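Asker: Take a look and give me a structure for this.
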Amino acid sequence: MKKAKIYIPTKTAMQSGRGKLKKWILEFETKDPTINPMMGWESSNDTMGEVKLEFPNKEKAIEYAKQNNINFTIIEPKPRKFVIKSYADNFTKN
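Answerer: Model prediction:
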């Protein structure tokens, strides 16, 4: 049976905002990865590990996984912590 994880990807170092991070991803887990002895790269005979499906929300991703008999785990996004600071805080001693 296929296994997958459903998550929202984190932003890359090149992104400043979080505008394009609203899509949920269903990514299949690779079965038995092996190390290529010549190059040292990780490889596998399972091509499903290269498939990533995008969904507009978590419910659609779960529905797709259930319809196609895919075992899945959901990775919830961590809540962001906001530290509200003023410009004057840079010059005051604590």
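
Asker: show me where pLDDT drops low in this protein?
Answerer: 1, 20, 94 (pLDDT under 70).

Asker: where exactly do the strands run in this structure?
Answerer: Per DSSP state E, the chain carries strands over the ranges 3-7, 24-28, 34-35, 42-43, 52-55, 71-75.

Asker: Redo these as CSV? Include distance to T92 and mean neighbour count.
Answerer: From N, CA and C alone the C-beta is placed, and that goes for glycine too. Shown next, in CSV, are the strands of the chain (distance: least, CB to CB, whole Å; neighbours: other CB atoms under 10 Å):
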stretch, distance to T92, mean neighbour count
strand 3-7, 40, 17
strand 24-28, 42, 19
strand 34-35, 54, 10
strand 42-43, 50, 11
strand 52-55, 46, 14
strand 71-75, 40, 12
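
Asker: could these go into a markdown table alongside distance to I62?
Answerer: As requested, the strands of the chain are arranged in a markdown table below (distance: least, CB to CB, whole Å):
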| stretch | distance to I62 |
| --- | --- |
| strand 3-7 | 7 |
| strand 24-28 | 9 |
| strand 34-35 | 31 |
| strand 42-43 | 29 |
| strand 52-55 | 9 |
| strand 71-75 | 7 |
